[in-house]
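J.: My questions are about this predicted structure, shown below with the sequence.
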Amino acid sequence: MSWDLLIRGGAAIDGSGRPRQIGDVAIAGGRIAALGPALSGMAARVINAAGLAVTPGFIDIKTHSDFTLPINPKAESKVRQGVTTEIIGHCGFSVAPCLPGKVQALADYLSGGAPWLPFRETSFPDYLDSFPAVAVNAGMLVGHNTLRLMVMGLEDRAPTPAELDQMSALLDEGLSAGALGLSTGLFTPPGSFAEPAEIIALCAVVARHKAGYFTHIRDESNRVVEAVEEAIAIASAYPIHVEIVHLKCSGVDNWGKAAQILDRIEQARAAGCDIDCDAYPYAAGANPLKNLLPPWVQVGGNAAMLARLALPETRARIEAELADHGLNNWGRIPSWEAVQVSISPNLPQHAGKTIAALAGSRRCDAIDLVCDLLIEDNGATRVLITSIAEDDIRTILRSPTALVGSDGNCVADYGITGQGMPHPRFYGTFPRIIGHYVHDERLLPLEQAVHKMTGGSARALKLRDRGLLAEGYRADIAIFDPADFRDRATYAEPHRYPTGPRTTVIVNGIVVVDNAAHTGATPGAVLRRAPDGTVG
């Protein structure tokens with residue numbers, strides 16, 4: 001027998017949660033051709049994996065790499081973590097469809113997350129067909145916020161029947177082309193302007209296509225329990241998979257609620273709902289700065305928002321509302337020291353500085369600083385917000401059914417995506433779980449952690465032939481030393497790849513990372529959902 005690749009003598013962790021087994025993995029024609037304790041035959045290349053873990057490639061179920069993959073096709077910060085598949089278009093923010101005459105509106109709207117991405121008019125089918133060659137597989141979601149922006153702009157009202165029909169038609173077009181599902185970002189405009197009935201109506205389209213529903217719930221802070229119930233209501237109404245993305249209990253008033261929410265999700269699953277959640281292992285989140293303010297601030301679009309923010313009465317109203325309720329979606333923080341500028345495209349010198357420090361340097365109030373910064377940066381400022389309790393992170397990670405998603409973009413330590421100070425999760429989510437929570441903290445066994453990153457996510461996504469080490473499956477494989485696979489990215493120095501000089505990552509049978517060095521290969525595939533709901 002002749003193989004393209006033969007991985008010898010590694011500890012094979014197959015992604016199912018079962019115990020590891022020492023053995024070989026043979027690859028031919030981009031697929032896993034054989035597994036066994038001692039495979040015979042010749043191979044074009046043999047990889048000695050003695051002392052290393054051999055696992056399915058990690059599936060990053062929750063990312064925004066659609067903002068960066070076209071300009072960073074090597075996907076450096078992700079593939080070096082062992083990530084071989086990314087699910088993109090989350091939180092209601094997709095870069096397609098983009099209707100004629102709406103390019104600038106979408107670019108302005110997404111500037112806080114995609115400041116360097118060139119936008120163009122495109123349908124969702126064209127977007128899938130024209131996606132460039134990249135290093136990882138990518139599955140796309142249709143964003144509800146983008147649909148609403150295309151049809152209604154940033155208006156705080158219910159859609160007319162004709163507008164709802166247009167959104168449904170655009171969603172239908174995207175799902176017919178192979179999009180994996182619908183994403184919502186109900187925490188920020190224009191998604192926050194949608195009543196539950198609007199989402200229910202769109203999910204009827206999702207159900208017709210046997211697709212999935214992925215939701216950044218309406219509130220992750222003071223009303224997080226009620227927001228989870230809204231997601232469960234969708235899972236109860238339709239036989240579709242519902243994914244609550246980056247589950248968190250944000251703000252000091254909400255710490256400790258994770259166990260209650262996980263119990264409620266388990267109750268829904270026991271009642272027949274197909275519902276999951278995922279999370280990242282960090283106490284800080286990230287978002288465009290404008291999204292921390294009350295939703296009414298963004299009504300009418302970017303130009304209207306910036307004009308509004310210049311008014312003293314606007315600033316006074318923002319200050320009063322934040323004093324009453326805390327930050328939109330993030331809740332009450334101890335001080336503005338907890339909010340740090342991550343990326344400021346027009347004011348790069350502010351990256352890494354807190355709102356409190358910047359306000360102090362200008363001798364102004366924090367609210368004035370926030371408003372001035374948004375005006376000066378054309379609304380594009382992105383920030384990190386430290387608002388999550390470590391105990392809740394550990395509770396979620398211990399849960400057998402909570403999956404892993406970075407909520408991060410693929411970036412690099414050079415070039416255009418190497419600017420600013422992004423969240424360290426962009427570089428460190430998966431090795432942080434393995435190095436810190438598995439190896440150091442013994443919070444969960446390695447097999448369970450790998451399942452949450454591979455087979456568990458593949459099940460949720462209905463991937464036909466990825467997520468497991470099994471004969472006939474696509475050869476997406478990560479090879480690493482479990483004792484030396486650690487995140488090095490920090491909030492102060494985020495652009496740092498993980499440790500592990502023997503880390504090797506294979507995508508569709510092609511070596512992309514070879515002993516911790518990127519080969520330059522871009523063998524990733526665009527994943528499409530079939531009419532039966534499965535994805536390949």
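T.: Done, it's in. Residues are numbered from 1 along each chain as shown.
J.: Now do the contacts for residue 454.
T.: Residue 454 is in contact with 15, 55, 56, 57, 58, 59, 467, 468, counting by CB atoms under 8 Å, 6 or more residues apart in numbering. Backbone N, C-alpha and C define where each C-beta goes, glycine included.
J.: Under a three-state scheme, what state does residue 3 occupy?
T.: strand (DSSP: H, G, I helix; E, B strand; the rest coil).
J.: Distance of it relative to residue 468?
T.: Using CB to CB, to the nearest Å, residue 3 is found at 19 Å from residue 468.
J.: Likewise for residue 291?
T.: Going from residue 291 to residue 468 by CB to CB gives 37 Å.
J.: now swap in residue 334 and tell me
T.: 44 Å.
J.: Of those two, give the one with the bigger neighbour count.
T.: residue 468 (21 against 9; other CB atoms under 10 Å).
J.: Skip the chain neighbours and tell me the closest residue to the more buried one.
T.: Excluding the flanking residues, the one nearest residue 468 by CB to CB, 6 or more residues apart in numbering is residue 15, at 4.5 Å.
J.: Tell me how many other residues crowd that neighbour.
T.: The number of residues packed near residue 15 is 28, by other CB under 10 Å.
J.: try residue 441
T.: Neighbour tally, residue 441, other CB under 10 Å: 12.
J.: Local confidence estimate at it?
T.: pLDDT for residue 441: 96.
J.: for residue 282, same thing?
T.: Reported pLDDT for residue 282: 98.
J.: which ones are touching the nearest residue to residue 456 once chain neighbours are set aside?
T.: Counting by CB to CB, 6+ apart, residue 403 is the residue found nearest to residue 456 once chain neighbours are left out, at 5.3 Å. The contact partners of residue 403, taken as CB under 8 Å, 6+ apart, are 61, 276, 277, 278, 279, 452, 453, 456, 457, 460.
J.: Among those residues, which lie within strands?
T.: Among those, the members found in strands (DSSP state E) are 276, 277, 278, 279.
J.: Can you say which of these are buried?
T.: Among these, those classed as buried by 16 or more other CB atoms under 10 Å are 276, 277, 278, 279.
J.: Export these as CSV, with columns for pLDDT and distance to residue 92.
T.: Shown next, in CSV, are these (pLDDT from 0 to 100; distance: CB to CB, whole Å):
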residue, pLDDT, distance to residue 92
276, 96, 19
277, 98, 17
278, 98, 16
279, 98, 19
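J.: Nearest to residue 86, out of those residues: which one, please.
T.: For these, the closest approach to residue 86 (CB to CB) belongs to residue 278, at 12.9 Å.
J.: quick one: residue 407 and residue 63 touch, right?
T.: Yes - under the criterion of CB atoms under 8 Å, residue 407 is in contact with residue 63, at a separation of 6.8 Å.
J.: Mutual contacts of these two, please.
T.: Both residue 407 and residue 63 are in contact with residue 90, where contact means CB under 8 Å, 6+ apart.
J.: of these two, who's got more company?
T.: Neighbour count, other CB under 10 Å: between residue 407 and residue 63, residue 63 has more, with 29 against 26.
J.: can you tell me which residues contact that one?
T.: 78, 86, 87, 88, 90, 405, 406, 407, 408, 409, 410.
J.: Please give the three-state secondary structure assignment for the last one.
T.: If I follow you right, that is residue 410. Of the three states, residue 410 takes coil under three-state DSSP.
J.: How about the second one?
T.: Under the three-state scheme (three-state DSSP), residue 86 adopts strand.
J.: just the helices in the stretch 51-200 of the chain please.
T.: Secondary structure of the stretch 51-200 of the chain, counting by DSSP state H, counting those that start in this stretch: helices at 76-79, 103-109, 124-129, 144-152, 161-176, 196-208.
J.: Can you list the buried residues in the fifth one?
T.: Within helix 161-176, the residues that qualify as buried are 163, 164, 166, 167, 168, 170, 171, 172, 174, 175, counting by 16+ other CB under 10 Å.
J.: Include pLDDT and distance to residue 71 when you put the contacts of residue 63 into a markdown table, please.
T.: Formatted as a markdown table, these follow (pLDDT from 0 to 100; distance: CB to CB, whole Å):
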| residue | pLDDT | distance to residue 71 |
| --- | --- | --- |
| 78 | 98 | 14 |
| 86 | 98 | 15 |
| 87 | 98 | 19 |
| 88 | 98 | 14 |
| 90 | 98 | 19 |
| 405 | 98 | 22 |
| 406 | 98 | 18 |
| 407 | 98 | 19 |
| 408 | 96 | 15 |
| 409 | 97 | 10 |
| 410 | 97 | 10 |
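J.: Buried subset of those residues as a PyMOL selection?
T.: Command for PyMOL that selects the buried part of the contacts of residue 63, burial taken from 16+ other CB under 10 Å:
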select buried, resi 78+86+87+88+90+405+406+407+408+409+410
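J.: Return the closest of the contacts of residue 63 with respect to residue 224.
T.: Closest approach to residue 224 among those (CB to CB): residue 407, at 16.4 Å.
J.: Now for that closest one: which residues touch it?
T.: Residues counted as contacts of residue 407 (CB under 8 Å, 6+ apart) are 62, 63, 64, 90, 245, 246, 280, 285, 286, 423, 425.
J.: same question, residue 97
T.: Neighbouring residues of residue 97 by CB under 8 Å, 6+ apart: 122, 123, 124, 127, 142, 146, 147, 150, 170, 173, 174.
J.: Which pLDDT does the model give residue 40?
T.: At residue 40, pLDDT is 89.
J.: I figured it hits residue 1, correct?
T.: Yes - assessed by CB under 8 Å, residue 40 is found in contact with residue 1 at 6.9 Å.
J.: If you count neighbours, what's buried in the one helix or strand residue 356 maps to?
T.: Take DSSP states H and E as the rule and residue 356 turns out to sit in helix 355-362. Neighbour-count burial for helix 355-362 flags 355, 356, 357, 358, 359 (criterion: 16+ other CB under 10 Å).
J.: How far away from the center of its chain is it?
T.: Mean-position distance between helix 355-362 and its chain equals 30 Å (CA atoms, centre = their mean, to the nearest Å).
J.: same deal with stretch 511-529?
T.: In terms of CA atoms, centre = their mean, the centre of stretch 511-529 is found 19 Å from the chain centre.
J.: Equivalent analysis for stretch 231-245, please.
T.: 18 Å.
J.: Please apply the same query to stretch 356-366.
T.: Taking the mean of its C-alpha atoms, stretch 356-366 sits 32 Å from the chain's own mean (CA atoms, centre = their mean).
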